[in-house]
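> need a 3D model of the following:
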Amino acid sequence: MSSPVAPLIEIFSSIQGEGIWVGCRQIFLRFAGCNLACSYCDTPRNTPRHCRWEARPGSREFILLPNPLTPQEVALKIRKLNPAIHHSISLTGGEPLLHTSFLLELIPLLKETRHGIYLETNGTLPDSLERILPLVDIIAMDIKLPGTANIEPCWQEHRAFLKLARGKYLFVKLVVDEDSKPEEIERALDLICSVGDIPLVIQPVTTPEGKTRLKPEKAITWQSRALERLTDVRVIPQTHKFLGHL
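Model prediction:
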C-alpha cells in the first residue's frame, strides 16, 4: 500500500505568535485546506502547487517542493531544521485534522523536539482527533464564535472535541473583535466550564498590519467576566504580525 500524501503550504522555523506558548521557537507545518471559511482567516484557501520549505532554520530562504508530499519527505525536511533546538512541532493550517491518515504516518517519524507535537485546530473534527490523539502532546483549540467568524455554529462539534482533548495539555482560543456578541462569548464560557477549568486565550482579531480590532476596555471587560469562571484567562493578540515574523 502506498503512503498517504498531503498538500502543504509551507514548512519553516519561527516564533509562536499566539496562545500561551507565545514566543517559543517551533517548526511549523502549515497544511492546505480547511473545512471552515472564517472571515478573519489569513491563510490562503487554495491548494498551492508547491510547498515552501525553509532550508535553513529562520533564514526565510525557501525552496519549492512539488505538492503533495509523503510523510517520509516531510520528516526528512524537518530533520534538516534541527528539531532539538525547538520547543515543539506545530501542526497548523488550514486544518491539519483533514489529513489524519497522513499524520498517523508522519508523527512517529518526528523526533527530538523538547515538547513534542503541538496541534493547532479549529476544534470541529472530533472523530479525526480521536484517531491521532495518542500521538499529540499539546492542543491549541479554537472555539469559533459564529457571529465573529461569519460561519454556521459549531457548538456540538466543539463540545465533543473538548471532551476528547481535555486529557491532553489543552488551551482554548477565542478570536474576538469589537462586534463579537456577548451572548456567544457567554455560550463559549458555558461550554468550556462544562468540561473543566481549561486555560483560555482571548485573541483580538489582528490585521496584517498588526493592528487589533478590539478596544482595550472591551478586552479587559471580557477577561474579567471569564476570570469569574476560569482560573487562567489571558488576552494575547497575534504577536507575530507586528513583530514581522512568519
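
> which helix is the longest one in the chain?
Using DSSP state H, we find that the single longest helix of the chain is helix 182-195.

> let me know the next secondary structure element after that one.
Where DSSP states H and E defines the elements, the next helix or strand beyond helix 182-195 is strand 200-204.

> helix or strand right after that following strand?
Beyond strand 200-204 toward the C-terminal end (DSSP H and E), the next one is helix 216-227.

> report the mean confidence score over that following helix.
For helix 216-227, mean pLDDT is 94.

> list the helices and strands the next helix or strand after it packs on?
Next along the chain after helix 216-227, taking DSSP H and E as the criterion, comes strand 233-235. When contacts are defined as 3 or more Cβ pairs under 8 Å, 6 or more residues apart in numbering; DSSP states H and E, strand 233-235 sits against strand 200-204, helix 216-227. Backbone N, C-alpha and C define where each C-beta goes, glycine included.

> flag every buried residue along strand 233-235.
233-235 (16 or more other Cβ atoms under 10 Å).

> now swap in stretch 140-157 and tell me
For stretch 140-157, burial by neighbour count (16+ other Cβ under 10 Å) applies to 140-145, 148-149, 151, 154, 157.

> over to stretch 52-60?
By 16+ other Cβ under 10 Å, the buried positions in stretch 52-60 come out as 52-54, 57-58.

> narrow these to those in helices?
Among the buried residues of stretch 52-60, no member falls in helices (DSSP H).

> that older thread, okay, the helices and strands packed on strand 233-235, which one's buried deepest?
Of those, the one with the most neighbours on average (mean count of other Cβ atoms under 10 Å) is strand 200-204, at a mean of 23.

> low-confidence ranges in the chain?
1, 240-246 (pLDDT under 70).

> next, count neighbours for A6.
A count of neighbours around A6, defined by other Cβ atoms under 10 Å, yields 25.

> let me fix that, I meant to ask about S13.
Neighbourhood size, S13 [other Cβ under 10 Å]: 21.

> now do the SS call for it.
State at S13, reduced to three classes by DSSP: H, G, I helix; E, B strand; the rest coil: strand.

> enumerate every residue touching the closest residue in space to it that isn't next to it in sequence.
Nearest residue to S13, sequence neighbours excluded (Cβ to Cβ, 6 or more residues apart in numbering): P57, at 3.6 Å. P57 makes contact with 12-13, 27, 81-82, 85 under the criterion Cβ atoms under 8 Å, 6 or more residues apart in numbering.

> rewinding a little: what helices and strands are in contact with the longest helix of the chain?
Under the contact definition 3+ Cβ pairs under 8 Å, 6+ apart, helix 182-195 sits against helix 146-149, helix 155-165, strand 169-176, helix 216-227.
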